[in-house]
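S.K.: got a predicted structure here, sequence first:
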Amino acid sequence: MTMAAGDDVLHRPAPFLASVMQIEPQWIDYNGHLNMAYYNVMFDRAIDELWLELGIGPAYRTARNGSTFTAECHVRYLREIHLGDPVQVSVLLAGADEKRLHTFEELRHAGEGWLSATSENMTIHIDMNARKTAPFPPDIRARIEALAKAHSAIPRPEGIGRRIAMPAK
């Protein structure tokens, strides 16, 4: 596979790093910290950046009538984020097949590096004409496979595959 401009991100054995984001004032709740819903907004914005690199962003939806839907999501809130905190999300492609993408995202304080939250997701590819799951086209599948191969060399982060359950007694 030949690399187009910008394709180097698909071959790096490091998580994808999204742009640094700022917490918006309306996202702060009555507890004085980031409301849980807006963690998902930031994770989603980071995924949108990665999808652009993979070629499955808005232009893909328009030109090829394909898109992705989140089928499952598990968020862990580990440390409070407050107004004024710069944040950055890293995305690991933990696995992929012909119709699914398994990602693990970490939201960190962009200046100090501490982990605030994680999000583990299963995303499915959709044929928007039929509104049903469908295989990725071969060219997109090749891009996904390149990223999956690069990310397979990365140690799996703590928390991946975790499930919700009451502590054992």
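M.R.: Alright, I've got the coordinates. Numbers count the residues shown, from 1 in each chain.
S.K.: quick check, residue 48 in a helix?
M.R.: Yes. Under DSSP: H, G, I helix; E, B strand; the rest coil, residue 48 sits within a helix.
S.K.: and for it, the neighbour number?
M.R.: 13 (other CB atoms under 10 Å). Heads up, the C-betas are built off the backbone N, CA and C, glycines and all.
S.K.: ok, and the closest non-adjacent residue to it?
M.R.: residue 57 (6.7 Å; CB to CB, 6 or more residues apart in numbering).
S.K.: so who does the one residue sitting closest to the centre of the chain touch?
M.R.: Per CA atoms, centre = their mean, the C-alpha nearest to the average position across the chain is that of residue 47, at 3.9 Å. Each residue near residue 47 by CB atoms under 8 Å, 6 or more residues apart in numbering is listed here: 91, 103, 105, 121, 123.
S.K.: and the residues you listed, which are buried?
M.R.: Neighbour-count burial (16 or more other CB atoms under 10 Å) applied to those gives 91, 103, 105, 121, 123.
S.K.: show me what the helix or strand encompassing the second one is packed up against.
M.R.: Okay, so that is residue 103. Assigned by DSSP states H and E, residue 103 belongs to strand 100-109. For strand 100-109, the elements it packs on are helix 36-54, strand 86-96, strand 115-127, judged by 3 or more CB pairs under 8 Å, 6 or more residues apart in numbering; DSSP states H and E.
S.K.: that older thread, got the buried ones among the contacts of residue 47 as TSV, with distance to residue 140 and pLDDT columns?
M.R.: Formatted as TSV, those follow (distance: CB to CB, whole Å; pLDDT from 0 to 100):
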residue	distance to residue 140	pLDDT
91	17	98
103	16	98
105	20	98
121	18	98
123	13	98
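S.K.: which of those residues lies closest to residue 73?
M.R.: Closest approach to residue 73 among these (CB to CB): residue 121, at 5.0 Å.
S.K.: correct me, but that closest one touches residue 75?
M.R.: No. Taking contacts as CB atoms under 8 Å, residue 121 lies outside contact range of residue 75: 9.2 Å.
S.K.: give me the common contacts of those two.
M.R.: Contacts common to residue 121 and residue 75, judged by CB under 8 Å, 6+ apart, are residue 43.
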